[in-house]
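# the following block contains a protein sequence and its predicted model.
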Amino acid sequence: MSDESGQLESPEEFTKIESIYVRHRNALMVRGQFTPIYTDYYLHLMQHGIRHNGDLDLMLKDFMALITLHTVARPWAETIAWTVNLRAPRINLFTTASSLQESVVGRLFTEDVREPDRNLFYSQVLAPNQHEPRISTLEVEGKDPVEWLAQYYRQSEQRPGRAFRLEDENFVLIVAQPDCDMEWFNALDDAAVEVIETTEETKLLESRRFRFHCGCTLDKILPVLGNWRERPDELFEGDDVITIQCPRCAARYAITRDML
């Protein structure tokens, strides 16, 4: 099966994300097993001939898992985008997720990235009936997205949140609710999180499903080049074909002069 750009499409798989209330502890647990999303992510990279350094690849995968859990912990109709601008390595990590679209997507920017004086985390949240996204910026420490999430919750969400990277590509987010048992919350580790449903009284609140999906097409990419229609020589610089990347997923599209 191929899309309107002529590129092969793969059947997408969904990851089930569960929201679970931990009674007596007053905490929300959001969890998911991310192999289906990661499978489609790697198929996407193969389709577009993209290769990442192993450490950066893992960082992006973690980032996509965490924003997915965070999106499910937030109101249903929000679309959330996160970008982290790192000093070393000098890269931008970008990811965005939407419950309405049941999707998460992300990419790495490794070229022409400005060097910040500190690691900066940018969050954009767009809710219904908002014309502009709500934006927050904070400084984060380290290179572990799990630690960034805890810092983000502390500074921007103004409530404690902790993420856990478990075996077999399972991730869990624990978010403190009013009157949360903070001694229990702060003492949690991977082993305790693994068995919460056997050691605590819990209630499944809802399940959502997410997939790795951007939705970009050649028809959506071309309007971005509208300003170049009157000066194609500057754009093509003597070439007959140029390649444009989607800013959300890094998909590559071949553009010819007659397409403008």
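Now that the structure is in, tell me what you want to look at. Numbers count the residues shown, from 1 in each chain.
# OK, contacts around Ile174?
Val22, Ala27, Leu28, Met29, Gly161, Arg162, Ala163, Phe164, Phe185, Leu188, Val193 (Cβ atoms under 8 Å, 6 or more residues apart in numbering). Glycine gets a C-beta too; all of them are placed from N, C-alpha and C.
# in strands, which of those appear?
If you go by DSSP state E, the contacts of Ile174 have Val22, Ala27, Leu28, Met29, Gly161, Arg162, Ala163, Phe164 in strands.
# Throw these into CSV and include pLDDT, thanks.
CSV is the format used below for the ones in strands among the contacts of Ile174 (pLDDT from 0 to 100):
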residue, pLDDT
Val22, 98
Ala27, 98
Leu28, 98
Met29, 98
Gly161, 98
Arg162, 98
Ala163, 98
Phe164, 98
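# just flag the most distant two among those.
For those, the farthest-apart pair by Cβ to Cβ is Val22 and Ala163; their separation is 15.4 Å.
# higher neighbour count, these two?
More crowded of Val22 and Ala163, by other Cβ atoms under 10 Å: Ala163, with 25 against 22.
# so that one sits against Ala150, correct?
Yes: between Ala163 and Ala150 there is a contact under Cβ atoms under 8 Å: 7.0 Å.
# what is the burial count for Glu78?
Neighbours of Glu78 using other Cβ under 10 Å come to 19.
# same deal with Asp62?
Neighbour count for Asp62, taken as other Cβ under 10 Å: 21.
# and Leu126, by the same measure?
17.
# what are the phi and psi angles of it?
phi -110, psi 120 (degrees, to the nearest 10).
# same question, Ala150
According to degrees, to the nearest 10, Ala150 has phi -60, psi -40.
# now do the contacts for it.
Pro160, Gly161, Arg162, Ala163.
# make it 7 Å
By Cβ atoms under 7 Å, 6 or more residues apart in numbering, the contact list for Ala150 reads Gly161, Arg162, Ala163.
# going by distance to Glu115, which of those residues wins?
Ala163 (27.4 Å).
# which residues are in contact with that closest one?
Contacts of Ala163 (Cβ under 7 Å, 6+ apart): Leu66, Leu69, Val146, Leu149, Ala150, Phe171, Val172, Leu173.
# what are the phi and psi values at the third one?
So that's Val146. The phi and psi values for Val146, taken as degrees, to the nearest 10, are phi -60, psi -40.
# give me the phi and psi for Glu197.
According to degrees, to the nearest 10, Glu197 has phi -70, psi -10.
# please disregard the earlier target; I meant Asn85.
Dihedral angles (degrees, to the nearest 10) for Asn85: phi -100, psi 110.
# Pro116 versus that one, what's the distance?
Applying Cβ to Cβ, to the nearest Å, the value for Asn85 to Pro116 is 5 Å.
# likewise for Ala150?
21 Å.
# what angle sits between the longest helix anywhere in the chain and strand 161-165?
Longest helix in the chain, counting residues (DSSP state H): helix 54-73. Between the axes of helix 54-73 and strand 161-165, defined by axes from the mean of the first three to the mean of the last three Cα atoms, to 10 degrees, the angle is 130 degrees.
# mind listing what's buried along helix 54-73?
For helix 54-73, burial by neighbour count (16 or more other Cβ atoms under 10 Å) applies to 56-57, 59-73.
# quick one, strands of the stretch 101-250 of the chain?
Counting by DSSP state E, counting those that start in this stretch, the stretch 101-250 of the chain has these strands, from start to end: 103-109, 120-126, 134-139, 161-165, 170-176, 202-212, 241-245.
# perfect, that will be all.
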